[in-house]
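Chemist: what's the 3D shape of this:
(one chain, ligands or ions: 1)
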Amino acid sequence: MMDILQAFDEYESAALAAIDATTSPEQLEQVRVEYLGQKKGKLRDLQSLIGKASKEEKPAVGKRFNEVRTRVGSRLETQLTSMTSRKSAREASFDVTLPGIVPRLGTLHPVTKTIVQFRELMGRFGFEVVEGPELEDERHNFEALNIPDDHPARDPLDNFYIATAAAGSDGPVLLRSQTSTVQIRTMEQQPPPIRIVSLGRVYRPDAVDRTHSCMFHQMEGLMVDRHVTMAHLKTLLTLFARAFLGPDVKIRFRPSFFPFTEPSVEVDMKWGDSWMEIGGAGMVDTNVFRAVGYDPEEVTGFAFGLGIERFCMKHFEVDDIRRFYENDVRFLSQL
Ligand code: PHE
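Modeler: Predicted coordinates for the structure are as follows:
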């Protein structure tokens, strides 16, 4: 009998030590299976020892067996409770009502916002948005636009020439000085009728000041069809400006000159008390139609080029164009 009781004692102290050594509920569960498991646990081995005791010894052995089983079981319980209560104490120290750390979300740049809005508005007037390259050749930036070789607009000092002749190109390459290049690219690729806008960057080596930047954005518009007139142009620009800035906006034309339009006008917009120049426009010159293979006897068209920053500055009440390009988030995030 002494052997049996000793086996009980050994089992008990081993089980209690194993329980005390655990640090996670998972470990504790392993210990439980090892010592108390119904199928292979060490307790089953102990139970079979009871059968080996003599009739007189059995009550004492049985009593001790129950005692050992209860002790190990309740130590297991206590260990589990202390583990989970430690965990919930840690959780309680985390105050879910405290304000969190809000991630800073980026927004679109004000010029991009304006571009998105312009595209949307012109889309409603039935104008398709097309893209053109910023690196151009002289044909698209000048020649097909009726700007001859000796025209001052082609002066190397007034343009950003990049290369005298790039690989695969027929001549000098420059950063486009106007989006009118896209008029040519569009008409070269498709027959009339045309109704497109193209919005993007243009580059000019101007002295930088409050209203000038060597890079800015234009929206080019082109409509070619039978019987397109200047009245269509003025109506479209008026509706567009009103849709963007409000019903009290007025549009005025002043006579001007561009090689690729005839007649040509400067477009002014009145918003509030003052007139502001927003771009150039006119009826597409017959030489331009000829350059792209359109028949000037068949079609007429208007074209316009608006400075996007002008609108953007007015809209957001910004008085210095340079602010848009300084990448100062403290400024940009206010718009
Ligand atoms: N391309 C001209 C400029 O940049 C603007 C313009 C476009 C004028 C279309 C007439 C027609 O100044």
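Chemist: show me the domain layout of this protein.
Modeler: Domain assignment for the chain by automatic domain parsing gives 2-93, 110-332.
Chemist: so the residue of the stretch 51-200 of the chain found nearest the ligand: helix, strand or coil?
Modeler: Nearest residue of the stretch 51-200 of the chain to the ligand: Gln178, at 3.6 Å (Cβ to the nearest ligand atom). For the C-beta atoms, the positions are set from N, CA and C on the backbone; glycine is no exception. The local conformation at Gln178, judged by DSSP: H, G, I helix; E, B strand; the rest coil, is coil.
Chemist: circling back to that earlier point, using TSV, lay out the domains of the chain together with mean neighbour count and distance to Ile101.
Modeler: Shown next, in TSV, are the domains of the chain (neighbours: other Cβ atoms under 10 Å; distance: least, Cβ to Cβ, whole Å):
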stretch	mean neighbour count	distance to Ile101
domain 2-93	14	18
domain 110-332	17	18
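Chemist: dump the ones you listed to JSON lines, plus mean pLDDT.
Modeler: Listed next are the domains of the chain as JSON lines, based on pLDDT from 0 to 100:
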{"stretch": "domain 2-93", "mean pLDDT": "83"}
{"stretch": "domain 110-332", "mean pLDDT": "94"}
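Chemist: make a markdown table out of the ones you listed and add distance to Pro99.
Modeler: Formatted as a markdown table, the domains of the chain follow (distance: least, Cβ to Cβ, whole Å):
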| stretch | distance to Pro99 |
| --- | --- |
| domain 2-93 | 17 |
| domain 110-332 | 22 |
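Chemist: what sits against Pro133?
Modeler: 176, 181 (Cβ atoms under 8 Å, 6 or more residues apart in numbering).
Chemist: any idea how far it lies from Val173?
Modeler: 10 Å (Cβ to Cβ, to the nearest Å).
Chemist: with Lys234 instead?
Modeler: Applying Cβ to Cβ, the value for Lys234 to Val173 is 36 Å.
Chemist: for Gly100, same thing?
Modeler: Applying Cβ to Cβ to Gly100 and Val173 gives a distance of 52 Å.
Chemist: what of Leu5?
Modeler: The gap separating Leu5 from Val173 is 101 Å, by Cβ to Cβ.
Chemist: hang on, Gly282 packs against Gly305?
Modeler: No - Gly282 is beyond contact range of Gly305, at 9.8 Å (criterion: Cβ atoms under 8 Å).
Chemist: mind listing what the closest residue to the ligand within the stretch 151-300 of the chain touches?
Modeler: Using Cβ to the nearest ligand atom, the single residue of the stretch 151-300 of the chain nearest to the ligand is Gly280, 3.1 Å away. Counting by Cβ under 8 Å, 6+ apart, Gly280 makes contact with 256, 258, 261, 264-267, 304-305.
Chemist: so which of those residues are in helices?
Modeler: Among those, no member falls in helices (criterion: DSSP state H).
Chemist: helices of this protein, start to end?
Modeler: Going by DSSP H, the chain shows helices at 2-21, 25-36, 42-50, 58-92, 110-124, 138-141, 181-189, 230-245, 286-291, 308-316, 329-332.
Chemist: between these, which one is closest to Val197.
Modeler: helix 110-124 (4.5 Å; Cβ to Cβ).
Chemist: could you say what helices and strands the closest one packs with?
Modeler: strand 128-129, strand 194-203, strand 215-225, helix 230-245, helix 308-316 (3 or more Cβ pairs under 8 Å, 6 or more residues apart in numbering; DSSP states H and E).
Chemist: using CSV, list the CA coordinates for the longest one.
Modeler: Coordinates of the C-alpha atoms in helix 230-245 are reproduced here as CSV (Å, rounded to 0.1, in the frame of the first residue of the first chain):
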residue,chain,number,x,y,z
MET,A,230,-18.1,83.0,-82.7
ALA,A,231,-21.5,83.2,-81.0
HIS,A,232,-21.1,79.5,-80.0
LEU,A,233,-17.7,80.3,-78.6
LYS,A,234,-18.9,83.2,-76.5
THR,A,235,-21.9,81.3,-75.3
LEU,A,236,-19.9,78.3,-74.3
LEU,A,237,-17.3,80.3,-72.4
THR,A,238,-20.0,82.3,-70.6
LEU,A,239,-21.9,79.1,-69.6
PHE,A,240,-18.7,77.5,-68.5
ALA,A,241,-17.5,80.5,-66.4
ARG,A,242,-20.9,80.8,-64.8
ALA,A,243,-21.1,77.1,-64.0
PHE,A,244,-17.7,77.3,-62.3
LEU,A,245,-17.9,80.6,-60.5
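Chemist: and the stretch 101-250 of the chain, which residues reach the ligand?
Modeler: 178, 180 (Cβ under 6 Å from any ligand atom).
Chemist: picking up where we left off before, of the contacts of Gly280, which are in range of the ligand?
Modeler: 258, 261, 264, 304-305.
Chemist: nearest to Leu108, of those residues?
Modeler: Of the ones next to the ligand among the contacts of Gly280, the one sitting nearest to Leu108 (Cβ to Cβ) turns out to be Gly305, at 23.1 Å.
Chemist: surely that closest one and Thr181 touch.
Modeler: No - contact status for Gly305 versus Thr181: not in contact, 10.5 Å apart, counting by Cβ under 8 Å.
Chemist: all set now, cheers.
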